[in-house]
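K.L.:
Any chance you could fold what I've pasted below:
(one chain, ligands or ions: 1)
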Amino acid sequence: MKKIIETLQLNRLLHGIRKDFLQVGDSITTSASDFQYPIADVLMSGLAMMFVQDPSMLEFQRRLQERKRSNNLNTIFGVENIPENTQFREILDPVNPSEVQVSFETCIRALQQTRIWSKFRVLDGRYAVLLDGFEFFRSDKRGCPHCLEYDHKDGRKDYAHKCLAVTLAHPTAKTPIPILLEEIKQEDGTKKQDCEFNAAKRVIPVLAKQYPHLDMILVGDGLFSKGPMIIEVKNAGLSYIFVAKPTDHTTLEENIAGLRLCSGVEKLEIAEDNGTKKVYEWSKDVELNGSSELKTNWFSYTETLKTGKIKYRNSWVTDIKPTRKNIQELVEVGRHRWQIENQVFNVLKNHGHHLEHNFGHGKKHLAFIFIILNFLAFMLHQILALSDKLFQATQEWVGTKDGLWLEIRVLLNRFVWKSWEALLNHMLDRSDEQCLECESQR
Ligand SMILES: [Zn+2]
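P.N.:
Numbers count the residues shown, from 1 in each chain. Sure, this is the predicted structure:
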(Lines give C-alpha, C1' and ligand atoms only; values in the text may rest on other atoms or scores of the structure.)
Protein backbone atom coordinates (compact mmCIF):
# COMPACT_ATOMS: atom_id res chain seq x y z
CA MET A 1 0.00 0.00 0.00
CA LYS A 2 1.11 3.52 -0.72
CA LYS A 3 2.54 5.33 2.29
CA ILE A 4 0.36 8.21 3.40
CA ILE A 5 2.17 11.30 4.62
CA GLU A 6 0.45 13.17 7.44
CA THR A 7 2.34 16.42 7.23
CA LEU A 8 3.79 18.06 4.17
CA GLN A 9 6.50 20.38 5.38
CA LEU A 10 7.93 23.33 3.52
CA ASN A 11 11.39 21.74 3.46
CA ARG A 12 10.22 18.79 1.47
CA LEU A 13 8.40 20.98 -1.05
CA LEU A 14 11.31 23.41 -1.43
CA HIS A 15 13.70 20.52 -1.92
CA GLY A 16 11.57 19.24 -4.82
CA ILE A 17 11.29 22.70 -6.36
CA ARG A 18 15.03 23.29 -6.11
CA LYS A 19 15.65 20.02 -7.92
CA ASP A 20 13.38 21.23 -10.74
CA PHE A 21 15.09 24.62 -10.84
CA LEU A 22 18.50 22.95 -11.20
CA GLN A 23 17.25 21.56 -14.54
CA VAL A 24 16.14 24.97 -15.84
CA GLY A 25 17.99 26.95 -18.43
CA ASP A 26 20.15 24.48 -20.34
CA SER A 27 18.92 26.18 -23.51
CA ILE A 28 20.17 29.61 -22.44
CA THR A 29 23.66 28.72 -21.24
CA THR A 30 25.32 30.99 -23.77
CA SER A 31 24.03 34.21 -22.24
CA ALA A 32 23.63 32.91 -18.69
CA SER A 33 27.20 31.66 -18.48
CA ASP A 34 28.33 35.30 -18.39
CA PHE A 35 26.54 35.69 -15.06
CA GLN A 36 27.99 34.64 -11.77
CA TYR A 37 24.79 33.24 -10.26
CA PRO A 38 23.30 29.83 -11.08
CA ILE A 39 19.74 30.04 -12.43
CA ALA A 40 18.47 27.80 -9.62
CA ASP A 41 19.69 30.32 -7.02
CA VAL A 42 18.04 33.17 -8.89
CA LEU A 43 14.72 31.32 -9.26
CA MET A 44 14.77 30.25 -5.60
CA SER A 45 15.46 33.86 -4.56
CA GLY A 46 12.50 35.02 -6.64
CA LEU A 47 10.28 32.35 -5.14
CA ALA A 48 11.42 33.26 -1.61
CA MET A 49 10.57 36.91 -2.28
CA MET A 50 7.05 35.91 -3.35
CA PHE A 51 6.71 33.38 -0.54
CA VAL A 52 7.34 35.94 2.20
CA GLN A 53 5.57 38.61 0.12
CA ASP A 54 8.40 41.06 0.41
CA PRO A 55 9.82 42.75 -2.71
CA SER A 56 12.82 43.91 -0.63
CA MET A 57 13.64 40.51 0.83
CA LEU A 58 16.87 40.11 -1.14
CA GLU A 59 18.14 43.44 0.15
CA PHE A 60 17.44 42.51 3.78
CA GLN A 61 19.07 39.11 3.41
CA ARG A 62 22.14 40.69 1.80
CA ARG A 63 22.44 42.94 4.85
CA LEU A 64 22.07 39.98 7.21
CA GLN A 65 24.80 38.19 5.26
CA GLU A 66 27.12 41.19 5.67
CA ARG A 67 26.45 41.59 9.38
CA LYS A 68 25.94 38.03 10.52
CA ARG A 69 27.68 36.02 7.81
CA SER A 70 24.54 34.03 7.22
CA ASN A 71 21.07 34.64 5.83
CA ASN A 72 17.62 33.05 5.59
CA LEU A 73 17.71 32.69 1.81
CA ASN A 74 20.51 30.24 2.44
CA THR A 75 19.26 28.47 5.57
CA ILE A 76 15.62 28.10 4.46
CA PHE A 77 15.66 28.29 0.65
CA GLY A 78 19.09 26.80 -0.07
CA VAL A 79 20.37 29.84 -2.02
CA GLU A 80 24.18 29.81 -2.10
CA ASN A 81 24.73 33.33 -3.45
CA ILE A 82 22.12 36.07 -3.23
CA PRO A 83 21.90 37.49 -6.74
CA GLU A 84 22.57 41.15 -7.26
CA ASN A 85 19.49 43.17 -8.34
CA THR A 86 20.07 43.86 -12.04
CA GLN A 87 21.55 40.43 -12.80
CA PHE A 88 18.62 38.88 -10.95
CA ARG A 89 16.25 40.18 -13.64
CA GLU A 90 18.60 39.69 -16.58
CA ILE A 91 19.08 36.03 -15.69
CA LEU A 92 15.35 35.35 -15.29
CA ASP A 93 14.21 37.12 -18.47
CA PRO A 94 15.21 34.45 -21.05
CA VAL A 95 14.14 31.48 -18.88
CA ASN A 96 11.55 29.25 -20.55
CA PRO A 97 8.34 29.66 -18.46
CA SER A 98 7.24 26.06 -18.95
CA GLU A 99 10.46 24.82 -17.32
CA VAL A 100 9.58 26.79 -14.18
CA GLN A 101 5.98 25.55 -14.23
CA VAL A 102 7.19 21.96 -13.78
CA SER A 103 7.27 22.70 -10.05
CA PHE A 104 3.47 22.94 -9.87
CA GLU A 105 3.43 19.28 -10.83
CA THR A 106 6.15 18.43 -8.29
CA CYS A 107 4.08 19.95 -5.47
CA ILE A 108 0.87 18.29 -6.65
CA ARG A 109 2.66 14.93 -6.66
CA ALA A 110 3.72 15.54 -3.06
CA LEU A 111 0.17 16.53 -2.13
CA GLN A 112 -1.16 13.35 -3.75
CA GLN A 113 0.74 11.34 -1.16
CA THR A 114 -1.17 12.94 1.72
CA ARG A 115 -4.52 12.27 3.28
CA ILE A 116 -5.66 15.74 2.15
CA TRP A 117 -5.64 14.76 -1.50
CA SER A 118 -8.81 12.67 -1.29
CA LYS A 119 -10.68 15.76 -0.07
CA PHE A 120 -10.39 17.28 -3.55
CA ARG A 121 -12.37 14.45 -5.14
CA VAL A 122 -15.69 15.25 -6.78
CA LEU A 123 -18.21 13.22 -8.81
CA ASP A 124 -16.91 9.66 -8.35
CA GLY A 125 -13.20 10.30 -8.01
CA ARG A 126 -12.80 13.08 -10.53
CA TYR A 127 -11.00 16.38 -9.90
CA ALA A 128 -12.46 19.77 -10.78
CA VAL A 129 -10.08 22.25 -12.35
CA LEU A 130 -11.30 25.76 -12.95
CA LEU A 131 -10.26 27.91 -15.89
CA ASP A 132 -10.23 31.66 -15.54
CA GLY A 133 -8.38 34.60 -17.03
CA PHE A 134 -6.84 37.51 -15.16
CA GLU A 135 -4.79 40.59 -15.86
CA PHE A 136 -1.53 41.17 -14.02
CA PHE A 137 -0.17 44.30 -15.67
CA ARG A 138 -1.68 47.40 -17.29
CA SER A 139 -0.05 50.70 -18.14
CA ASP A 140 -0.18 53.49 -20.70
CA LYS A 141 3.50 52.83 -21.39
CA ARG A 142 4.72 49.80 -23.24
CA GLY A 143 6.58 47.46 -20.89
CA CYS A 144 8.02 44.95 -23.36
CA PRO A 145 7.62 43.73 -26.96
CA HIS A 146 5.05 41.14 -25.80
CA CYS A 147 2.61 43.55 -24.14
CA LEU A 148 -0.98 43.17 -25.32
CA GLU A 149 -2.26 46.41 -26.89
CA TYR A 150 -5.64 47.97 -26.21
CA ASP A 151 -6.89 50.97 -28.17
CA HIS A 152 -9.04 53.61 -26.52
CA LYS A 153 -11.60 55.55 -28.58
CA ASP A 154 -9.68 58.80 -28.06
CA GLY A 155 -6.54 57.35 -29.61
CA ARG A 156 -4.76 56.48 -26.37
CA LYS A 157 -3.28 53.02 -26.01
CA ASP A 158 -3.02 50.69 -23.01
CA TYR A 159 -0.51 47.90 -22.60
CA ALA A 160 -1.27 44.81 -20.56
CA HIS A 161 -0.29 41.28 -19.65
CA LYS A 162 -2.90 38.60 -19.08
CA CYS A 163 -2.93 35.01 -18.17
CA LEU A 164 -5.23 32.02 -17.93
CA ALA A 165 -5.04 30.19 -14.61
CA VAL A 166 -5.89 26.51 -14.14
CA THR A 167 -6.81 25.86 -10.52
CA LEU A 168 -7.68 22.68 -8.68
CA ALA A 169 -10.65 23.26 -6.39
CA HIS A 170 -13.38 21.60 -4.42
CA PRO A 171 -16.82 23.14 -3.82
CA THR A 172 -16.56 22.89 -0.04
CA ALA A 173 -12.82 23.44 0.46
CA LYS A 174 -11.63 27.01 0.85
CA THR A 175 -8.19 26.28 -0.52
CA PRO A 176 -8.04 26.20 -4.31
CA ILE A 177 -4.58 25.31 -5.64
CA PRO A 178 -3.19 26.71 -8.91
CA ILE A 179 -1.67 23.98 -11.08
CA LEU A 180 -0.81 25.64 -14.40
CA LEU A 181 -0.72 29.06 -16.06
CA GLU A 182 -0.94 29.99 -19.72
CA GLU A 183 0.11 33.42 -20.86
CA ILE A 184 -2.29 35.17 -23.21
CA LYS A 185 -0.36 36.21 -26.30
CA GLN A 186 -0.75 39.00 -28.85
CA GLU A 187 -1.91 36.53 -31.50
CA ASP A 188 -4.75 35.39 -29.19
CA GLY A 189 -6.67 38.62 -29.94
CA THR A 190 -7.74 41.39 -27.62
CA LYS A 191 -11.38 40.52 -26.93
CA LYS A 192 -11.85 38.70 -23.61
CA GLN A 193 -13.68 35.79 -25.23
CA ASP A 194 -11.09 35.31 -28.01
CA CYS A 195 -7.97 35.60 -25.94
CA GLU A 196 -9.07 33.33 -23.08
CA PHE A 197 -10.56 30.85 -25.55
CA ASN A 198 -7.32 30.60 -27.57
CA ALA A 199 -5.13 30.35 -24.47
CA ALA A 200 -7.41 27.60 -23.15
CA LYS A 201 -7.13 25.65 -26.41
CA ARG A 202 -3.36 25.79 -26.01
CA VAL A 203 -3.29 24.82 -22.35
CA ILE A 204 -5.72 21.86 -22.48
CA PRO A 205 -3.37 19.35 -24.20
CA VAL A 206 -0.52 20.50 -21.92
CA LEU A 207 -2.69 19.94 -18.87
CA ALA A 208 -3.75 16.48 -20.01
CA LYS A 209 -0.14 15.52 -20.71
CA GLN A 210 1.12 16.86 -17.38
CA TYR A 211 -1.47 15.14 -15.20
CA PRO A 212 -2.28 11.93 -17.11
CA HIS A 213 -3.52 10.06 -14.02
CA LEU A 214 -5.95 12.77 -12.94
CA ASP A 215 -9.50 12.31 -14.10
CA MET A 216 -10.08 16.04 -14.62
CA ILE A 217 -13.26 18.02 -15.20
CA LEU A 218 -12.64 21.46 -16.68
CA VAL A 219 -14.99 24.00 -15.17
CA GLY A 220 -15.41 27.28 -16.99
CA ASP A 221 -17.77 30.14 -17.77
CA GLY A 222 -19.96 30.70 -20.81
CA LEU A 223 -17.16 31.56 -23.19
CA PHE A 224 -15.95 27.95 -23.13
CA SER A 225 -19.26 26.26 -23.97
CA LYS A 226 -18.59 26.36 -27.72
CA GLY A 227 -18.30 23.39 -30.07
CA PRO A 228 -14.57 23.72 -30.91
CA MET A 229 -13.66 23.94 -27.21
CA ILE A 230 -15.74 20.90 -26.28
CA ILE A 231 -14.09 18.91 -29.09
CA GLU A 232 -10.66 20.04 -27.82
CA VAL A 233 -11.50 18.90 -24.28
CA LYS A 234 -12.79 15.53 -25.44
CA ASN A 235 -9.76 14.98 -27.70
CA ALA A 236 -7.54 15.54 -24.67
CA GLY A 237 -9.51 12.87 -22.78
CA LEU A 238 -10.90 15.31 -20.20
CA SER A 239 -14.42 16.12 -19.01
CA TYR A 240 -16.13 19.50 -18.82
CA ILE A 241 -18.79 21.50 -17.03
CA PHE A 242 -19.24 24.85 -18.78
CA VAL A 243 -21.85 27.52 -18.16
CA ALA A 244 -24.33 27.62 -21.07
CA LYS A 245 -26.34 30.84 -20.97
CA PRO A 246 -29.70 30.60 -22.81
CA THR A 247 -28.87 33.80 -24.72
CA ASP A 248 -25.67 32.23 -26.12
CA HIS A 249 -27.32 28.92 -26.98
CA THR A 250 -30.61 29.50 -28.75
CA THR A 251 -30.61 26.11 -30.53
CA LEU A 252 -29.86 24.28 -27.29
CA GLU A 253 -32.67 26.18 -25.54
CA GLU A 254 -35.10 25.34 -28.36
CA ASN A 255 -34.12 21.68 -28.09
CA ILE A 256 -34.67 21.73 -24.32
CA ALA A 257 -38.06 23.42 -24.80
CA GLY A 258 -39.01 20.66 -27.28
CA LEU A 259 -37.81 17.93 -24.90
CA ARG A 260 -39.84 19.45 -22.08
CA LEU A 261 -43.02 18.85 -24.12
CA CYS A 262 -42.30 15.13 -24.47
CA SER A 263 -41.01 14.54 -20.89
CA GLY A 264 -37.41 14.57 -22.07
CA VAL A 265 -36.29 16.82 -19.21
CA GLU A 266 -35.92 15.25 -15.78
CA LYS A 267 -36.51 17.23 -12.63
CA LEU A 268 -35.68 17.18 -8.92
CA GLU A 269 -37.43 19.60 -6.56
CA ILE A 270 -36.36 20.26 -3.01
CA ALA A 271 -38.39 22.42 -0.62
CA GLU A 272 -36.38 23.81 2.29
CA ASP A 273 -37.90 24.52 5.72
CA ASN A 274 -37.38 28.27 5.23
CA GLY A 275 -39.55 28.28 2.11
CA THR A 276 -36.70 28.23 -0.42
CA LYS A 277 -37.37 26.02 -3.43
CA LYS A 278 -34.52 24.35 -5.29
CA VAL A 279 -35.22 23.01 -8.76
CA TYR A 280 -32.72 20.85 -10.65
CA GLU A 281 -33.42 19.97 -14.28
CA TRP A 282 -31.40 17.89 -16.70
CA SER A 283 -31.45 16.25 -20.09
CA LYS A 284 -29.07 13.91 -21.90
CA ASP A 285 -27.63 13.93 -25.44
CA VAL A 286 -28.97 17.26 -26.63
CA GLU A 287 -27.63 18.95 -29.76
CA LEU A 288 -25.41 21.86 -28.73
CA ASN A 289 -25.96 23.98 -31.82
CA GLY A 290 -27.47 23.85 -35.26
CA SER A 291 -24.17 23.75 -37.10
CA SER A 292 -22.68 20.49 -35.86
CA GLU A 293 -23.64 17.00 -34.79
CA LEU A 294 -22.13 17.62 -31.38
CA LYS A 295 -24.28 16.34 -28.53
CA THR A 296 -23.96 17.22 -24.88
CA ASN A 297 -25.75 16.80 -21.57
CA TRP A 298 -27.50 19.83 -20.14
CA PHE A 299 -28.52 20.77 -16.59
CA SER A 300 -29.90 23.80 -14.81
CA TYR A 301 -30.54 24.98 -11.29
CA THR A 302 -33.02 27.53 -9.98
CA GLU A 303 -33.30 28.68 -6.39
CA THR A 304 -36.48 30.58 -5.54
CA LEU A 305 -37.07 32.35 -2.23
CA LYS A 306 -40.28 32.12 -0.18
CA THR A 307 -41.27 35.51 -1.62
CA GLY A 308 -41.16 34.08 -5.16
CA LYS A 309 -38.02 36.00 -6.02
CA ILE A 310 -35.42 34.02 -7.99
CA LYS A 311 -32.22 34.06 -5.97
CA TYR A 312 -30.06 32.10 -8.40
CA ARG A 313 -30.43 30.58 -11.82
CA ASN A 314 -27.88 29.08 -14.14
CA SER A 315 -27.47 26.32 -16.72
CA TRP A 316 -24.51 24.27 -17.85
CA VAL A 317 -23.42 21.69 -20.43
CA THR A 318 -21.34 18.64 -19.52
CA ASP A 319 -20.20 15.28 -20.86
CA ILE A 320 -20.94 13.65 -17.46
CA LYS A 321 -24.30 11.89 -17.49
CA PRO A 322 -26.60 13.72 -15.07
CA THR A 323 -28.66 11.45 -12.82
CA ARG A 324 -30.97 11.91 -9.85
CA LYS A 325 -28.01 10.80 -7.71
CA ASN A 326 -25.31 13.17 -8.99
CA ILE A 327 -27.31 16.22 -10.12
CA GLN A 328 -26.83 18.18 -6.87
CA GLU A 329 -23.09 17.61 -6.97
CA LEU A 330 -22.93 18.59 -10.66
CA VAL A 331 -24.56 21.92 -9.77
CA GLU A 332 -22.21 22.44 -6.82
CA VAL A 333 -19.15 21.90 -9.01
CA GLY A 334 -20.55 24.09 -11.80
CA ARG A 335 -21.31 26.87 -9.33
CA HIS A 336 -17.97 27.03 -7.58
CA ARG A 337 -16.18 28.63 -10.49
CA TRP A 338 -16.30 31.87 -8.49
CA GLN A 339 -13.78 30.35 -6.08
CA ILE A 340 -10.94 31.33 -8.38
CA GLU A 341 -12.14 34.89 -8.55
CA ASN A 342 -12.75 35.18 -4.80
CA GLN A 343 -10.10 33.06 -3.26
CA VAL A 344 -7.20 33.10 -5.67
CA PHE A 345 -7.11 36.42 -7.54
CA ASN A 346 -8.53 38.35 -4.62
CA VAL A 347 -5.97 36.95 -2.18
CA LEU A 348 -3.14 37.46 -4.66
CA LYS A 349 -4.17 41.03 -5.38
CA ASN A 350 -5.25 42.25 -1.97
CA HIS A 351 -3.48 40.20 0.66
CA GLY A 352 0.17 40.86 0.26
CA HIS A 353 1.10 38.84 -2.81
CA HIS A 354 1.52 42.01 -4.92
CA LEU A 355 0.00 40.30 -7.97
CA GLU A 356 -0.21 43.56 -9.89
CA HIS A 357 3.10 44.89 -8.61
CA ASN A 358 5.45 45.41 -11.53
CA PHE A 359 8.47 43.38 -10.46
CA GLY A 360 10.04 43.99 -13.85
CA HIS A 361 9.24 43.42 -17.47
CA GLY A 362 12.36 42.37 -19.30
CA LYS A 363 12.42 41.80 -23.05
CA LYS A 364 11.29 38.17 -23.15
CA HIS A 365 9.49 36.39 -20.31
CA LEU A 366 10.34 38.25 -17.11
CA ALA A 367 6.85 39.53 -16.28
CA PHE A 368 5.36 36.06 -16.74
CA ILE A 369 8.17 34.33 -14.81
CA PHE A 370 7.42 36.57 -11.81
CA ILE A 371 3.72 35.65 -12.03
CA ILE A 372 4.59 31.94 -12.11
CA LEU A 373 6.81 32.36 -9.04
CA ASN A 374 4.00 34.28 -7.33
CA PHE A 375 1.49 31.51 -8.04
CA LEU A 376 3.99 28.86 -6.93
CA ALA A 377 4.41 30.75 -3.65
CA PHE A 378 0.64 30.98 -3.28
CA MET A 379 0.42 27.24 -3.94
CA LEU A 380 2.95 26.60 -1.17
CA HIS A 381 0.89 28.72 1.22
CA GLN A 382 -2.24 26.78 0.33
CA ILE A 383 -0.56 23.38 0.74
CA LEU A 384 0.94 24.40 4.09
CA ALA A 385 -2.42 25.70 5.30
CA LEU A 386 -3.98 22.37 4.27
CA SER A 387 -1.46 19.88 5.52
CA ASP A 388 1.30 21.27 7.75
CA LYS A 389 0.34 21.03 11.44
CA LEU A 390 3.09 23.39 12.59
CA PHE A 391 2.07 26.05 10.07
CA GLN A 392 -1.60 25.63 10.98
CA ALA A 393 -0.79 26.06 14.68
CA THR A 394 1.24 29.21 14.01
CA GLN A 395 -1.50 30.72 11.87
CA GLU A 396 -4.06 29.97 14.56
CA TRP A 397 -1.81 31.49 17.22
CA VAL A 398 -1.27 34.75 15.31
CA GLY A 399 -4.94 34.96 14.30
CA THR A 400 -4.95 36.45 10.82
CA LYS A 401 -3.16 35.53 7.60
CA ASP A 402 -1.94 39.09 7.06
CA GLY A 403 -0.70 39.26 10.67
CA LEU A 404 1.12 35.95 10.31
CA TRP A 405 3.09 37.07 7.26
CA LEU A 406 3.84 40.46 8.76
CA GLU A 407 5.39 38.78 11.79
CA ILE A 408 7.29 36.28 9.64
CA ARG A 409 8.73 39.13 7.53
CA VAL A 410 9.94 41.03 10.59
CA LEU A 411 11.61 37.94 12.05
CA LEU A 412 13.20 36.99 8.72
CA ASN A 413 14.51 40.48 8.04
CA ARG A 414 16.12 40.84 11.47
CA PHE A 415 17.36 37.40 12.47
CA VAL A 416 18.79 34.35 10.80
CA TRP A 417 16.97 31.07 11.44
CA LYS A 418 18.47 27.65 10.98
CA SER A 419 15.22 26.44 9.40
CA TRP A 420 11.61 27.38 8.66
CA GLU A 421 10.50 25.05 11.45
CA ALA A 422 12.83 26.81 13.93
CA LEU A 423 11.21 30.13 13.02
CA LEU A 424 7.65 28.82 13.44
CA ASN A 425 8.49 27.05 16.71
CA HIS A 426 9.95 30.29 18.02
CA MET A 427 6.77 32.16 17.04
CA LEU A 428 4.73 29.58 18.90
CA ASP A 429 6.90 29.96 21.99
CA ARG A 430 6.87 26.23 21.88
CA SER A 431 10.46 25.27 22.30
CA ASP A 432 13.69 27.00 23.04
CA GLU A 433 14.19 27.56 19.29
CA GLN A 434 16.10 30.77 18.78
CA CYS A 435 17.72 32.53 15.90
CA LEU A 436 21.28 31.46 15.05
CA GLU A 437 22.86 34.49 16.69
CA CYS A 438 21.15 33.94 20.05
CA GLU A 439 22.03 30.24 19.86
CA SER A 440 25.69 30.97 19.41
CA GLN A 441 25.69 33.32 22.41
CA ARG A 442 24.22 30.70 24.71
ZN1 LIG B 1 5.04 43.63 -21.60
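K.L.:
I'd like to know the average pLDDT value across stretch 167-187.
P.N.:
Average pLDDT, stretch 167-187: 87.
K.L.:
buried sites along that stretch?
P.N.:
Along stretch 167-187, the positions that meet the burial threshold by neighbour count (16 or more other C-beta atoms under 10 Å) are 167-170, 173, 175-184. C-beta here means a position set from N, CA and C on the backbone, and glycine is covered the same way.
K.L.:
quick check, distance from it to the centre of its chain.
P.N.:
Shown here is stretch 167-187, whose average C-alpha point lies 3 Å from the average C-alpha point of the whole chain (C-alpha atoms, centre = their mean, to the nearest Å).
K.L.:
Longest helix in this structure, please.
P.N.:
The single longest helix within the chain, with elements called by DSSP state H, is helix 366-387.
K.L.:
Next secondary structure after it?
P.N.:
Using DSSP states H and E, the next helix or strand after helix 366-387 towards the C-terminus is helix 389-398.
K.L.:
any idea of the mean pLDDT in the next helix or strand after that next one?
P.N.:
Once helix 389-398 ends, the next helix or strand along the chain (criterion: DSSP H and E) is helix 401-414. The average pLDDT for helix 401-414 rounds to 93.
K.L.:
got the contact list for the first helix or strand past helix 401-414 going along the chain?
P.N.:
On the C-terminal side of helix 401-414, the closest following helix or strand by DSSP H and E is helix 420-427. Helix 420-427 is touched from outside by 9-11, 76, 390-391, 393-394, 397-398, 407-408, 411-412, 417, 431, 433-435, with contacts defined as C-beta atoms under 8 Å, 6 or more residues apart in numbering.
K.L.:
now check the longest helix of the chain, is it near the ion?
P.N.:
No. Judged by C-beta under 5 Å from the ion, helix 366-387 stays clear of the ion, getting no closer than 5.5 Å.
K.L.:
got the angle for that helix vs helix 420-427?
P.N.:
Relative orientation of helix 366-387 versus helix 420-427 (axes from the mean of the first three to the mean of the last three C-alpha atoms, to 10 degrees): 60 degrees.
K.L.:
and helix 366-387, which residues are buried?
P.N.:
Those would be 366-384, 386-387, for helix 366-387 by 16+ other C-beta under 10 Å.
K.L.:
other SSEs contacting the helix or strand harbouring Glu232?
P.N.:
Glu232 is part of helix 227-235 when elements are defined by DSSP H and E. In terms of contact count using 3 or more C-beta pairs under 8 Å, 6 or more residues apart in numbering; DSSP states H and E, helix 227-235 is assigned the packing partners helix 192-210, strand 239-243.
K.L.:
winner for burial among those?
P.N.:
Most buried of these by mean neighbour count (mean count of other C-beta atoms under 10 Å) is strand 239-243; its value is a mean of 22.
K.L.:
That one: partners in the sheet, and parallel or antiparallel?
P.N.:
Strand pairing for strand 239-243, using DSSP bridges, gives strand 216-220 (parallel), strand 310-318 (antiparallel).
K.L.:
Please compute how far the first one lies from its chain's middle.
P.N.:
Averaging C-alpha positions (C-alpha atoms, centre = their mean) puts strand 216-220 14 Å from its chain's average.
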